[in-house]
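Asker: everything below, folded, please.
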Amino acid sequence: RVTYNGTANFHFGPVTAYYRFRYISSRPVTVRNTFRLPAQKLSDFGLRFDASDAIQMSFNINNLFNDINPTQVSQVGTRPSNLTEEQFLELYPNALSQVQTNAPRSYFLTMAVRF
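Answerer: Numbers count the residues shown, from 1 in each chain. This next block holds a predicted model:
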């Protein structure tokens, strides 16, 4: 029911920083609401330093707190074409499912030079 994506930006002379927070509340996986994915939260952080008009250095951390959130559930293998996902789960409740999660924490250091 709630989806939020907000970013705070800070400027200190040649240094720029940002903090981004994303949130998605608990949500049903199927139309019949047989089960729900838990709430999902994710934070990113970044710094940029402008050494001159031609040189910029950036450092970003995606998934700052290394939160692991399930983002999608799907079945393993192929489903018969005459069944919807909900019908398949109703007929085969113990079928294997695959849970996909968001990417783990990652770091990026970038230097840009303009000629």
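Asker: can you pull out the helices in this structure?
Answerer: Assigned by DSSP state H, the chain shows helices spanning 85-91.
Asker: now the strands for it?
Answerer: Secondary structure of the chain (DSSP state E): strands at 3-12, 15-24, 27-28, 36-37, 40-50, 55-62, 70-75, 97-101, 106-113.
Asker: quick check: buried residues in the second one?
Answerer: Under the neighbour-count criterion of 16 or more other Cβ atoms under 10 Å, strand 15-24 has 16, 20, 22, 24 buried. To be clear about C-beta, it is placed using only N, CA and C from the backbone, and glycine gets the same treatment.
Asker: which of the residues you listed scores worst on pLDDT?
Answerer: Across these, the smallest pLDDT goes to I24, namely 91.
Asker: quick check: closest non-adjacent residue to that residue.
Answerer: Excluding the flanking residues, the one nearest I24 by Cβ to Cβ, 6 or more residues apart in numbering is Q40, at 4.5 Å.
Asker: neighbours of the one you found, just the number please.
Answerer: Other residues within reach of Q40, judged by other Cβ atoms under 10 Å, total 19.
Asker: would you agree it is in contact with N5?
Answerer: No: the criterion here is Cβ atoms under 8 Å, and Q40 misses it with N5 at 11.6 Å.
Asker: now for the two: what residues contact both?
Answerer: 22-23 (Cβ atoms under 8 Å, 6 or more residues apart in numbering).
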